[in-house]
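J.: Provided below are the primary sequence and the corresponding predicted coordinates.
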Amino acid sequence: MDTYKKILKFAFSYWQYIILSILCTIFFALLNGVSVYMAIPLLDTLFQEGGKTAQQVTVAVSSSQSWFDSIKHSINQFLTSVIITGNKSDSLLRICAFILSAFFLKNFFGYLQSFFLMFVEQGTLRDIRNAIYRHLHELPLSYFKSEKTGNFISIIINDVNVIQASISVSFLSAIREPLTILVFMGMALSISWKLTVFSLLALPAAMIAIVLIGRKLRKQIGILQGKIADITNILTETITGVKIVKAFGMEEYENTKFGNETKGFFKLMLKITRVRSLTSPLTEIFSVIVGALIIYMGGRLVLIEHSLKASEFMAFLLAIFQLIPPIKELSQVNNKIQEAAAAGDRVFALIETPPTIVSAKNAKPINNFTSDIIFDNVSFKYDDGDEMILQNISFKASKGDIVAFVGPSGGGKSTLVDLMPRFYDVHQGSIRIDGIDVRQYTVESLRSLFGIVTQETILFNETISQNIAYGLDSYSQDAIIRAAKAANAHEFIMELPNGYDTIIGERGLKISGGQRQRLSIARALLKDPEILIFDEATSALDNESELLVQQAIDNLMTERTTFIIAHRLSTIRKATKIIVIERGEIVQMGDHESLISDNNGLYKKLYEMQFREEK
């Protein structure tokens with residue numbers, strides 16, 4: 001129940017609407033009972049069946065001195081003095097008017113209750129989804145490397161939807177149904193306590209069945225939500241990589257893989273349905289058995305013992321059969337709570353995952369970069385791995401330097417530059433900016449120093465202007481255009497149908513790779529960072545696009561400290577320091593001329609292999 005308490009904690013932020021919903025539920029239940037109880041005077045009037053007079057009832061009450069009989073007497077006295085007066089026609093008219101009013105008010109309060117509860121439900125779901133999404137942004141990059149995208153989507157969409165039903169259970173079924181049961185049980189007791197006792201016989205057996213089924217259901221629902229996540233993940237991967245799927249003719253393979261997942265989901269769903277569907281019929285069977293006994297016993301009281309009027313027995317039957325729907329609904333309460341708890345386990349496992357990259361308690365902001373960046377014996381490994389990705393990295397970059405990193409793929413170059421803005425934290429050693437460990441700065445202010453352009457450009461399904469000004473406020477259109485011109489992007493932007501207002505599609509797929517890269521550079525230019533990181537920004541471009549992008553990079557690098565994961569010789573030659581990394585270690589360091597003169601060095605070999613055409 002701890003998980004379910006966490007769900008309710010979100011819901012209780014809307015306590016005003018919960019109270020209004022509960023009040024409306026109380027009125028609904030009471031009016032529901034009144035509308036049925038009015039069957040007694042209606043039947044008495046229609047069939048001219050005599051009953052005790054008010055005076056006789058008063059004498060009976062005085063002799064028994066029962067509080068329950070006193071309540072019953074008050075109700076009968078009200079019916080006698082207000083409704084059943086005058087001739088039969090007047091009584092019938094007043095009864096019909098009273099029943100009509102009771103039903104109208106019952107449905108009016110039912111409508112209000114549904115509205116207030118829906119406000120609570122949808123507000124709770126919104127807050128949970130917002131909490132998940134907000135927390136995702138607080139988690140480090142390492143977390144996303146070990147989790148599937150489809151799992152995140154499944155939790156935010158599917159698991160949260162499962163939680164919705166449990167909210168209505170908590171603030172509707174768990175309140176309205178017991179109240180309805182109490183109202184009709186009280187009505188039944190007021191008519192015949194003997195018959196009422198029989199109506200309780202089904203409850204113990206039914207409750208045992210409900211609890212056992214609920215426990216099994218929770219376990220199966222947890223597995224089901226995992227299956228949904230797997231299906232969502234396959235969809236995400238296939239849609240994202242649709243070009244590769246088609247290029248390799250793997251459509252049938254992907255169809256088979258997806259079919260296997262949906263088959264497993266289908267079988268599990270059938271199993272859950274079998275378990276879930278047992279609750280309602282079991283409850284109803286128990287209720288009908290008791291109902292048959294009640295009809296037999298009540299018939300004897302009316303026909304043989306004459307201790308019960310036919311109108312009272314009919315009202316009693318109506319009351320008892322009105323108990324069946326709320327009892328059936330209550331039988332589902334535990335199931336829905338268990339389902340919500342299973343989904344909530346996944347939701348709160350994500351929300352409660354502690355972020356590892358956070359600002360220190362006494363962290364201070366860094367407003368500008370003035371001196372140098374020092375890597376002091378830095379080593380790094382991923383949280384879930386044993387192998388060191390970087391080992392004993394030490395170097396210094398002064399303000400205004402252009403530092404290039406070269407080396408074989410998989411050597412740790414990208415990881416190294418990711419350590420500076422604290423996308424990851426070092427395992428050993430330290431990185432100091434202006435003499436202070438980066439972990440002593442606030443994360444937000446530290447990252448504001450950096451502008452990052454990667455090989456894989458990250459653009460959004462928004463306008464070009466919105467992508468260039470992403471994360472920035474109060475930038476004029478003129479400033480956006482100046483940044484685009486400096487990035488060699490203005491010309492192609494103006495050729496698009498809507499210019500800067502053109503929506504470029506998901507991940508910017510409506511424009512070319514070179515154009516996406518230039519927009520990424522324009523975004524960095526507009527941010528005007530003091531430190532730049534280029535992660536193989538031109539490696540995937542053709543010669544013409546590369547030239548335009550390289551010119552944009554040159555504009556961006558002016559009077560800034562720059563770190564480049566090198567791909568092209570032109571960029572390396574301008575570097576004030578070149579660092580050669582192999583298998584996570586620095587094997588050479590120097591400028592281009594000193595490194596190229598070392599015939600046995602790795603840089604010389606890379607130069608001859610990769611850059612011969614640019615000599």
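T.: Looks like it came in fine.
J.: Please report the distance of residue 388 from residue 302.
T.: With the distance defined as Cβ to Cβ, to the nearest Å, residue 388 ends up 88 Å from residue 302. For glycine as for every other residue, the C-beta is placed from the backbone atoms N, C-alpha and C.
J.: just how off-centre is stretch 472-490 within its chain?
T.: Relative to its chain's centre, stretch 472-490 lies at 36 Å (Cα atoms, centre = their mean, to the nearest Å).
J.: how distant is the top helix by length along the chain from the center of its chain?
T.: Counting residues, the longest helix found in the chain (DSSP state H) is helix 251-303. Remark: helix 251-303 is offset 29 Å from the chain centroid, using Cα atoms, centre = their mean.
J.: what do you get for stretch 156-171?
T.: Mean-position distance between stretch 156-171 and its chain equals 11 Å (Cα atoms, centre = their mean).
J.: Tell me the buried residues in it?
T.: For stretch 156-171, the neighbour count (16 or more other Cβ atoms under 10 Å) marks 156, 158-160, 162-171 as buried.
J.: Stretch 26-37 too?
T.: Neighbour count says stretch 26-37 has 26, 27, 28, 29, 30, 31, 32, 33, 34, 35, 36, 37 buried, by 16+ other Cβ under 10 Å.
J.: List the ones among the residues you listed that fall in helices.
T.: Among these, DSSP H puts 26, 27, 28, 29, 30, 31, 32, 33, 34, 35, 36, 37 in helices.
J.: nearest to residue 275, of the residues you listed?
T.: For those, the minimum distance to residue 275 (Cβ to Cβ) is 30.2 Å, reached by residue 29.
J.: The residue nearest to the closest one when sequence neighbours are not counted: what's it in contact with?
T.: Computed as Cβ to Cβ, 6 or more residues apart in numbering, the closest residue to residue 29 that is not its neighbour in sequence is residue 179, at 3.8 Å. Going by Cβ atoms under 8 Å, 6 or more residues apart in numbering, residue 179 touches 25, 26, 29, 30.
J.: Can you tell me the SS state at residue 179?
T.: Under the three-state scheme (DSSP: H, G, I helix; E, B strand; the rest coil), residue 179 adopts helix.
J.: Now name the helix or strand holding residue 108.
T.: Per DSSP states H and E, residue 108 falls inside helix 88-136.
J.: Run the chain-centre distance for that helix.
T.: 26 Å.
J.: And for stretch 429-447?
T.: Centroid separation for stretch 429-447 versus its chain: 33 Å, with Cα atoms, centre = their mean.
J.: got the end-to-end distance for that stretch?
T.: Taking Cα to Cα, to the nearest Å, stretch 429-447 runs 20 Å from one end to the other.
J.: Which residues does it contact?
T.: Stretch 429-447 has contacts (Cβ under 8 Å, 6+ apart) with 357-360, 362-367, 369-379, 392-394, 419-422, 425, 449.
J.: Now restrict those residues to buried residues only.
T.: Using 16+ other Cβ under 10 Å, the buried ones in the contacts of stretch 429-447 are 357, 359, 363, 366, 369, 372-376, 378-379, 393, 419-422, 425, 449.
J.: how about low-confidence regions in the stretch 51-200 of the chain?
T.: Residues of the stretch 51-200 of the chain meeting the criterion pLDDT under 70: 51-88, 91, 198-200.
J.: run the last query once more with 50
T.: 51-65, 68 (pLDDT under 50).
J.: now the chain
T.: Across the chain, the ranges flagged by pLDDT under 50 are 50-65, 68, 613-615.
J.: Outline the domain layout of it.
T.: The chain is divided into the following domains under automatic domain parsing: 2-351, 400-414+445-614.
J.: Now distance to residue 436 too, for these, in CSV please.
T.: Below are the domains of the chain laid out as CSV (distance: least, Cβ to Cβ, whole Å):
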stretch, distance to residue 436
domain 2-351, 21
domain 400-414+445-614, 10
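J.: I'd like to know which of the ones you listed lies nearest to residue 383.
T.: Proximity to residue 383 (Cβ to Cβ) singles out domain 2-351 among the domains of the chain, at 5.5 Å.
J.: Report the separation between the two terminal residues of that closest one.
T.: Start-to-end span of domain 2-351 (Cα to Cα) is 15 Å.
J.: Now the element after the helix or strand residue 451 falls within, going C-ward?
T.: Under DSSP H and E, the secondary-structure element containing residue 451 is strand 450-454. Toward the C-terminal end, the helix or strand that comes next after strand 450-454 (DSSP H and E) is helix 464-468.
J.: Check the offset of that next one from the chain's centre.
T.: In this view, helix 464-468 has its centroid 28 Å away from the chain centroid, taken as Cα atoms, centre = their mean.
J.: and for it, what are the contacting residues?
T.: 459-460, 477, 480, 483-484, 493, 496, 499-502, 504, 508, 519, 522-523, 526.
J.: just the buried members of the residues you listed?
T.: For those, buried by 16+ other Cβ under 10 Å: 459, 480, 483-484, 493, 496, 500, 502, 504, 508, 519, 522-523, 526.
J.: Among the residues you listed, list the two that are farthest apart in space.
T.: Using Cβ to Cβ, the two most remote members of the buried ones among the contacts of helix 464-468 are 496 and 526, lying 18.6 Å apart.
J.: how close does residue 22 get to residue 29?
T.: Using Cβ to Cβ, residue 22 is found at 11 Å from residue 29.
J.: With residue 267 instead?
T.: Using Cβ to Cβ, one gets 41 Å for the distance from residue 267 to residue 29.
J.: where do the helices sit along the stretch 501-615 of the chain?
T.: Assigned by DSSP state H, counting those that start in this stretch, the helices in the stretch 501-615 of the chain fall at 513-527, 543-557, 569-573, 592-596, 602-610.
J.: Now do the helix or strand hosting residue 23: distance to the chain's middle.
T.: According to DSSP H and E, residue 23 maps onto helix 15-37. Relative to its chain's centre, helix 15-37 lies at 31 Å (Cα atoms, centre = their mean).
J.: helices or strands next to it in the packing?
T.: If you count contacts as 3 or more Cβ pairs under 8 Å, 6 or more residues apart in numbering; DSSP states H and E, helix 15-37 packs onto helix 88-136, helix 174-191, helix 310-351.
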